[in-house]
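**Student:** Just a sequence and a predicted model for now, questions to come.
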Amino acid sequence: MKKYLLLIFSLTLLTLSAQAQTKTMAKKESAKPAAGKTITLSKATLKDKIKGGWAGQTIGVTFGGPTEFRFNGTMINDYVPIPWYDGYLEKTMRNNPGFYDDIYMDLTFVDIFEKKGLDAPVKDFADAYANAGYMLWHANQVGRYNIQHGLAAPQSGHWLNNPHADCIDYQIEADFAGLMSPGMPNTASEISDKIGHIMNYGDGWYGGVYVGAMYALAFASNNIPYIVTEALKTIPAQSEFYQCMNDVIKWHKQYPDDWKRTWFEVQRKWTDEVGCPDGVFVPFNIDAKVNAAYVIMGLLYGNGDFTKTMEISTRTGQDSDCNPSSAGGILGTILGYDKIPAYWKMGLAAAEPIDFKYTTMSLQDVYEIGYKHALQNIKRHNGRETQDGVQIMTQVPQPVRFEKSFAGHYPTEKRGIWKSLQDEFVFDFDGIGFVLRGEAKQVNNNLPENAIFKVEVYLNNKLAETVDLPVSFTARRYDLAWKYQMPKQKHTVRLKLLNPLEGYNLNLSDVIIYNDQPAKTALK
């Protein structure tokens, strides 16, 4: 009897062990990119699509550049002219190189892949962008400051450390992830997980994941509604980003010939800013999901027509150079370089050899480097290079993990200050968080930029942090101080200036107060 019981016990242990092993294997298998069908592209087609993606981005950002954030909370009406002429591309690249942050940010990461390989650690990408010479804003600048002050990724992009975590930043930089992952949206997502969290989190990160997935799928299909819808499978359905894109897809079906109706629906439902301090209580909106909505509106209503895609994605307003850049790059990948209309390639040949500012890379260079990285990635993920073509093991899009920025936080007050900090400044508020905005700057431009204010921040009479506030624009702390997830009660914030600097001002502009419920309104 004892032997029988021992045998039963042994068999039970073996069964439980086998079940646990099966579950572990299933988890490992589910973590792998889901395999789809194998497609074959000629090398010429692959290269043509990669060129089309990079050229389309450049065309889009050039076209929309003069309108960027000049039309906030309003569309750019049809009667407003937007220039485009032969030579405009070259002229803009030489005279307005700052327009091309969409591109030179991408190239920073492309350059690290080129120098360090596909397995380059996230620190290399973070250090390269944090120490680059170009000017940055919003989530990018906060991420840069965090990296330079010892807060590594992914914490550098987390919303508790980055009030701009949901902004558009990685969304406009993620093109490279899709262009080096032909037909492989999950591989693009893996790249975006590593690099996108340097500066973003939640919906801000999802913007880059989604754009990267659309680029990846543009190698395997020319059906725009399919690409837009299929790529959305990389985004968790419970996120607001997913819900906003899903609404745009729904409204496009409902109003297939009226993009302006869909624009009004987006404006009505999705434009309340919670995170970005620059956009709270004002028409300005650099939120990733709203601007991604404008990108796919351009793609869906453009219906493969490059001109209509450029016009719509620009005339939706807000970040109206980055949005046509993303839409133009995705459509350029679908069409391929050769099929981008000649009208939009006017002057492109003269611009292609010009290095983008802050880089040693031109369009001509990235055409070749991007093709090289795509080949490496194809072969790494079960694809194969033949004498004149490539076989790509495509992937079925899988959702990335769920993230939510600013959960339970609602801006309830924006209080003007407009003072220069001389010694101390104190304010009280009732709520659960705050963001204090301001600027360290020279009194006149003849003074050196390497000055740094040092400030102690006290919360409820306890020292919370001692912060460096550089005067240099590229080293600045984008917002002076912030704190979320505080107990719901009355709080006192005190700033103490440790080192007044002659010839420099530390200006305090305003403070945004957060609570755990939206402010009550009489409107119903």
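**Tutor:** Yep, it's here. Worth saying up front: this structure is predicted, and the values here are computed from it rather than measured.
**Student:** any idea how far residue 204 is from residue 465?
**Tutor:** Distance of residue 465 to residue 204, computed by C-beta to C-beta, to the nearest Å: 23 Å. Heads up, the C-betas are built off the backbone N, CA and C, glycines and all.
**Student:** next one: residue 340
**Tutor:** Remark: distance between residue 340 and residue 204 (C-beta to C-beta) = 30 Å.
**Student:** Between the two, which is the more surrounded one?
**Tutor:** Each of residue 340 and residue 204 has its neighbours counted (other C-beta atoms under 10 Å); residue 204 has more, 33 against 20.
**Student:** hang on, residue 418 in a strand?
**Tutor:** Yes. Residue 418: assigned to a strand according to DSSP: H, G, I helix; E, B strand; the rest coil.
**Student:** contacting residues for it?
**Tutor:** Residues in contact with residue 418 (C-beta atoms under 8 Å, 6 or more residues apart in numbering) are 507-510.
**Student:** Equivalent analysis for residue 249, please.
**Tutor:** Contact analysis of residue 249 by C-beta under 8 Å, 6+ apart lists 225, 228-229, 232, 296, 300.
**Student:** ok, now residue 240?
**Tutor:** Contact analysis of residue 240 by C-beta under 8 Å, 6+ apart lists 203, 270, 289.
**Student:** can we see that at 10 Å?
**Tutor:** Residue 240 makes contacts with 166, 202-203, 206, 270, 274, 287, 289, 404-405, as judged by C-beta atoms under 10 Å, 6 or more residues apart in numbering.
**Student:** Over to residue 77?
**Tutor:** Residues in contact with residue 77 (C-beta under 10 Å, 6+ apart) are 71, 260, 315.
**Student:** I'd guessed the first one sits against residue 318; true?
**Tutor:** Pointing back at residue 71 there. Yes. When contacts are counted by C-beta atoms under 10 Å, residue 71 is listed as touching residue 318 (7.3 Å).
**Student:** Overlap of the contact sets of those two?
**Tutor:** Residues touching both residue 71 and residue 318 (C-beta under 10 Å, 6+ apart): residue 283.
**Student:** higher neighbour count, these two?
**Tutor:** Comparing residue 71 with residue 318 by neighbour count (other C-beta under 10 Å), the higher total belongs to residue 318, at 27 against 18.
**Student:** Now the more buried one: closest residue in space that isn't a chain neighbour?
**Tutor:** Excluding its sequence neighbours, the residue lying closest to residue 318 (C-beta to C-beta, 6 or more residues apart in numbering) is residue 285, at 5.3 Å.
**Student:** Neighbours of that neighbour, how many?
**Tutor:** 24.
**Student:** residues contacting it?
**Tutor:** Taking C-beta under 10 Å, 6+ apart as the test, what residue 285 contacts is 69, 72-73, 167-168, 267, 270-273, 276, 278-279, 291, 317-319.
**Student:** Residue 38 too?
**Tutor:** 183, 382-384, 391-394.
**Student:** helices and strands of the chain: which one bottoms out on pLDDT?
**Tutor:** Least confident helix or strand, the chain: helix 2-31 with a mean of 36, by mean pLDDT, DSSP states H and E.
**Student:** low-confidence ranges in the stretch 401-524 of the chain?
**Tutor:** 521-524 (pLDDT under 70).
**Student:** re earlier: show me which of the contacts of residue 38 is closest to residue 212.
**Tutor:** residue 183 (12.5 Å; C-beta to C-beta).
**Student:** where along the stretch 251-400 of the chain do the strands fall?
**Tutor:** Assigned by DSSP state E, counting those that start in this stretch, the strands in the stretch 251-400 of the chain fall at 384-385, 389-396.
**Student:** Residue 432: which of those is closest?
**Tutor:** Closest among these, using C-beta to C-beta: strand 389-396, at 40.9 Å.
**Student:** in its sheet, what does that closest one sit against?
**Tutor:** For strand 389-396, the pairing partners within the sheet under DSSP bridges are strand 34-42 (antiparallel), strand 384-385 (antiparallel).
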